[in-house]
Every structure is written in C-alpha cells, then in structure tokens.
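> using only what follows, build the 3D model:
(one chain, ligands or ions: 1)
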Amino acid sequence: MATQRKHSSVRSRPGNRPGESVRVLISRARVRQRVRQMARQIRRDFPRDTLHLIGVLKGSVLFLADLARELGGEVSFDFLSVSSYGKGTNSTGEVKLIKDLDVSIEGRTVLVVEDILDTGLTLKYLLRLFEERQPKHLRVVVLLDKSERRIADVRADYTGFTIPNEFVVGYGLDFDERYRNLADVCILQFAQPSKK
Ligand code: IMP
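Below you'll find the model as predicted:
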C-alpha cells in the first residue's frame with residue numbers, strides 16, 4: 001500500500017469558492033495505476049467468483065466505476081446510503097441507514113467499496129449489518145485511509161493509499177457536495193480570516 005508524504009510539492013490552485021484552494025495530493029495517473037493494481041490483487045484472491053460490489057453513496061461512485069472496469073470477469077453492483085451524526089469532537093458514532101441494498105447478499109462474494117476510511121464508525125456499522133445477512137465472503141476495499149483518525153477497530157482488506165490527517169476532496173469526495181468531479185485527490189485548504 002502506498003503512503004503519502006505529509007507535504008505535496010505541488011502548488012495550490014484556487015478552489016471553486018473564494019477563500020478555498022486545492023492542492024493535489026494524489027494525481028489522477030497515480031490513482032489509475034493503483035486502482036489497476038488493487039483490481040489485479042482482488043481478482044487473484046477470487047479468480048472465479050462473481051464479485052458483488054457495494055458502493056457507499058455518494059463518495060465511492062467514481063472509485064467503484066473505475067475498479068469495476070479493471071476487475072474483469074463477472075461483477076455486479078449495488079449501492080446504499082448512510083448518514084453519520086456528531087462526527088466532531090463529541091462524536092456519538094451514530095450511523096443511520098438512508099437507503100438499503102436492492103438485492104440480498106446471502107451467499108455472494110461481497111466487496112464493500114468505500115472512498116475513505118476515517119474514524120471507521122461507518123464501516124463498523126456496515127460490517128455488522130452485512131455479516132448478519134450471511135454473504136459467502138465479505139471484504140472491504142478503500143481508496144484512502146486516514147489511519148491516524150481511527151476510533152473503531154476496523155481495517156480494510158484492500159487499501160489504495162494511506163494519507164495524512166487532511167481534509168481531501170476530488171475523485172468522488174466532496175466538501176458540501178462540491179469538488180466530487182476533480183480528477184485528482186486534493187487537499188482542500190481554507191484561507192485564514194484576516195485579522196484587523
Ligand atoms: P468514518 O465513519 O469517520 O470512517 O467516515 C467515513 C466517511 O466520512 C467517508 O465515507 C466520507 O464520506 C467522510 N469523510 C471522512 N474524511 C473525509 C475527507 O477528508 N473528505 C471528504 N469526506 C470525508
């Protein structure tokens with residue numbers, strides 16, 4: 001798994017609102033290369049299975065779409081949506097299911113596809129939910145892992161990049177529903193309010 005250096009040498013560029021700027025942390029070329037490697041590894045582990053990809057809306061959509069195209073063999077998709085509350089310093093860790101899966105996962109080889117693993121509370125909730133539904137195999141694929149922030153005792157089976165504790169956007173990840181369409185994974189920075 002690749003680990004990102006704390007400071008990228010790439011310069012910041014303006015974001016899409018005043019006071020916001022973005023700096024490339026992981027370029028689109030590196031993402032593409034790593035997704036290809038991860039897909040090869042997953043296929044080696046499950047050469048003949050139909051891989052049932054479960055995307056967690058909405059951040060995982062671009063990653064899932066690229067991963068699916070690299071996997072080869074039989075692949076099916078499903079999506080679910082969750083919301084988390086109290087993610088600040090007084091985190092309650094409460095996760096709520098907003099949209100459930102469309103089809104049963106019983107007996108299937110399931111890959112939960114997440115954009116980023118942060119506290120791990122969302123993943124912990126999902127794994128508990130899915131384990132009860134008796135899949136044949138249950139594995140977790142994450143593009144990014146902010147391992148420093150972990151609260152829940154969970155880990156991914158396949159990780160793209162371990163990144164520092166910075167707020168990142170792009171390649172599906174958002175800030176206030178914006179920046180999902182950036183092709184690179186970028187650090188979002190905010191201008192300090194000027195002191196008078
Ligand atoms: P966790 O439950 O704290 O692991 O949260 C995972 C979710 O938080 C991700 O699926 C994202 O939606 C969101 N998230 C955490 N860190 C970031 C970030 O740096 N940028 C954008 N979204 C993030």
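> what is the burial count for residue 173?
Other residues near residue 173 come to 23 when the count uses other C-beta atoms under 10 Å. Yep, even glycine has a C-beta here, placed from its N, CA and C like the rest.
> what do you get for residue 133?
14.
> where in this protein is pLDDT low?
Within the chain, the stretches with pLDDT under 70 are 1-10, 85-93, 193-196.
> rerun that using 90 as the cut-off
Where the chain drops to pLDDT under 90, the residues are 1-12, 14-18, 83-94, 191-196.
> centre-most residue in this protein?
Nearest to the mean C-alpha position of the chain, by C-alpha atoms, centre = their mean, lies residue 115 at 1.0 Å.
> my read: it touches residue 56, true?
Yes - assessed by C-beta atoms under 8 Å, residue 115 is found in contact with residue 56 at 7.4 Å.
> can you tell me which residues contact the residue nearest to the centre of the chain?
56, 59-60, 63, 142-144, 171-173 (C-beta atoms under 8 Å, 6 or more residues apart in numbering).
> out of everything not next to it in sequence, what's closest to it?
residue 59 (3.6 Å; C-beta to C-beta, 6 or more residues apart in numbering).
> so who does the one you found touch?
114-116, 172-174, 180.
> give me the distance between it and residue 173.
5 Å (C-beta to C-beta, to the nearest Å).
> same deal with residue 125?
19 Å.
> contacting the ligand as well, which ones from the contacts of residue 115?
56, 59, 173 (C-beta under 6 Å from any ligand atom).
> ramachandran coordinates for the last one?
Okay, so that is residue 173. As for residue 173, its main-chain torsions (degrees, to the nearest 10) stand at phi -80, psi 140.
> so it versus residue 138, what's the distance?
In terms of C-beta to C-beta, residue 173 sits 24 Å off from residue 138.
> cool, and the first one?
Taking C-beta to C-beta as the criterion, residue 56 is separated from residue 138 by 14 Å.
> please enumerate the helices of the chain.
28-45, 61-71, 121-131 (DSSP state H).
> most tightly packed of those?
Between the helices of the chain, helix 61-71 has the highest mean count of neighbours, a mean of 19, where neighbours are mean count of other C-beta atoms under 10 Å.
> dump the contacts of residue 59 to CSV, plus distance to residue 77.
CSV is the format used below for these (distance: C-beta to C-beta, whole Å):
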residue, distance to residue 77
114, 14
115, 15
116, 19
172, 15
173, 19
174, 20
180, 18
